[in-house]
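>>> Next input, structure requested:
(one chain, ligands or ions: 1)
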Amino acid sequence: MTNNETKINNIETFKELLKDFTLPMPENKPKENYVNILVLRELKSAARFTTDGVEANSAIMRIGSIEETVGKMFGRKQVASDRRKAKALQRTLISEEMKTAIGDEGWNGCTMKVNDMCQKCPECALFGSAASEESISITSRVMYDEAYTIRALNAIVQEYFQNAPGDDYSKKPTPGIREPDFFKEGTLFPCVITLRDVTAEELLFFLNITDRNSRYGATTTRFGKVQNHILGVYASHREGPSSLEVTRNIALKLAGKIEDSDTIKNFEDKLKKVMFSDTLHVDEIKKLATESYEEISNNQRINYLAKDILSTSNAAEHIEKTINATASNPEGNNTIASPVKSMGVGVKFNEISVSIILKELNDDVVKSLLVVQIDKIKNLLNPKNIQEGTSKAQKVKAGKAKAIPKSTSIEPNIA
Ligand SMILES: [Zn+2]
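Below is the predicted model of the structure:
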């Protein structure tokens, strides 16, 4: 077997194992197919995550019996960064193919400007776009939430005060100038990102983006390198736990490991010790994040069957086994009384299996996936296929709906 054939087989195996939770092509009506991706974002250098340009983003987290201020990475900052990466990758890999697919209008490479997105590319179809002048509104099928640090803000943020000393021998004391806060290197953000009703190509595209992306700070900043450790892919007909739930559980687990001593007697002290520690071990947190995600899922009655992407030499055999295992019942059996498998059980892939897939997602493979996807999104993006939202009034409504929070109800008389 040649190297390329092996690669195709591993990715095909992955697609096959996920086929109950992905769609052959994007559909207009929502279904209950969720693929959750567990990621640990690790700061590889000091990073600025601020809204006002000075103060580090933070939130008060209740954990066990204590409340503590922790660092925060907004969901919207994560999504903006991933989208920039995804659009840049499309321009690199499929500019020609997009131009061919769109025809006379050409393709200008798409943009991050909210009302100016092309609404024709795989990225717009997956991440969504607000209504433009004459087109449609696409709802995002990628869901991010706010991510939090395990440690307290005081342990992870460096405040800088600049004292401009001047060059006089004697001077009156001057107040320090506050410099922007930095999250220290080594700060960890456990994150869960959920893809809903996606194709296998879209999932692979998203995994590739997550693997490539290493900048999550403000666009203007040159600081802050992030490594995304993809710890697992979990697919089910139910959505999994949130980033906050996972983070909280990791801290509780760490505290549970600390033994009693003269100075530390109760659980509260142990939690504080964890949250104010100078460092955390990445490998230990990776393990605890996975355990936490799976425990919480289990408590929420979401079960996943472990699936492996095996070493490359076994790929052909593996896909055969997979197909046999999911084959339909022999003739004559009552299919209702003896189901082949339970609809309620999802599938999961661990870090090693995901890393085999990531390794094989080279530019050529990603390009071919995107080219397939260009074809698959045609129906979804064709305004003629959308029954609602074609009148002017409804178009305005769709546009407004994007701009206000989900929880706010939309007034019917906007137009
Ligand atoms: Zn686009």
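>>> residue contacts, Ser45?
Residues in contact with Ser45 (CB atoms under 8 Å, 6 or more residues apart in numbering) are 185, 223-225. Where C-beta positions appear, they are placed from N, C-alpha and C, glycine not excepted.
>>> For the stretch 151-300 of the chain, what lies in contact range of the ion?
Contact residues of the stretch 151-300 of the chain with respect to the ion, defined by CB under 5 Å from the ion, are absent.
>>> For the residue in the stretch 151-300 of the chain that the ion sits nearest to, give me its contacts.
The ion sits closest to Phe205 of the stretch 151-300 of the chain, with a gap of 13.1 Å, by CB to the ion. By CB under 8 Å, 6+ apart, Phe205 lies in contact with 86, 122, 126, 366, 369-370, 373.
>>> What does it show for phi and psi?
phi -60, psi -50 (degrees, to the nearest 10).
>>> can you tell me how far it sits from Asp52?
Computed with CB to CB, to the nearest Å, the distance linking Phe205 and Asp52 is 34 Å.
>>> What of Val366?
Val366 is 37 Å from Asp52, where distance means CB to CB.
>>> tell me the SS of Ala251?
Under DSSP: H, G, I helix; E, B strand; the rest coil, the three-state class of Ala251 is helix.
>>> surely it meets Leu271?
Yes - under the criterion of CB atoms under 8 Å, Ala251 makes contact with Leu271 at 6.5 Å.
>>> Between the two, which has more neighbouring residues?
Legend: neighbour count by other CB atoms under 10 Å for Ala251 and Leu271, higher for Ala251 (27 against 22).
>>> Contacts only, for that one.
63, 150, 271, 274-275 are the contacts of Ala251 under CB under 8 Å, 6+ apart.
>>> While we're on Asn379, how confident is the model there?
At Asn379, the model reports a pLDDT of 86.
>>> oh, I was asking about Glu388
Value listed for Glu388 in the pLDDT field: 53.
>>> Same question for Arg91.
97.
>>> May I ask which helix or strand encompasses it?
helix 75-102 (DSSP states H and E).
>>> Is the ion within reach of that helix?
No - residues of helix 75-102 are not located near the ion by CB under 5 Å from the ion, the shortest gap being 6.9 Å.
>>> Look up the closest residue to Phe14, ignoring the ones flanking it.
Distance criterion CB to CB, 6 or more residues apart in numbering; nearest residue to Phe14, sequence neighbours excluded, is Ile357 at 5.4 Å.
>>> doesn't Asn9 make contact with the one you found?
No - with contacts counted by CB under 8 Å, Ile357 stays clear of Asn9, the gap being 11.6 Å.
>>> of the two, who's got more company?
Using other CB under 10 Å as the criterion, Ile357 and Asn9 rank with Ile357 on top: 24 against 21.
>>> give me every residue that touches Tyr34.
Neighbouring residues of Tyr34 by CB under 8 Å, 6+ apart: 21, 194-196, 235-240.
>>> Mind doing that once more with 10 Å?
Residues in contact with Tyr34, defined by CB atoms under 10 Å, 6 or more residues apart in numbering, are 21, 143, 194-198, 234-240, 302, 346.
>>> next one: Ile357
7, 10-11, 13-15, 203-204, 207-208, 211, 230, 233, 309, 349, 365.
>>> and the residues you listed, which of them are in helices?
Assigned to helices by DSSP state H, the following of those qualify: 7, 10-11, 13-15, 203-204, 207-208, 211, 365.
>>> can you pick the most crowded of those?
Busiest of the ones in helices among the contacts of Ile357 [other CB under 10 Å] is Thr13, holding 26 neighbours.
>>> where along the chain do the strands fall?
Taking DSSP state E as the criterion, the chain carries its strands at 34-43, 58-63, 66-73, 142-143, 147-152, 157-162, 177-183, 188-196, 226-236, 303-306, 345-350.
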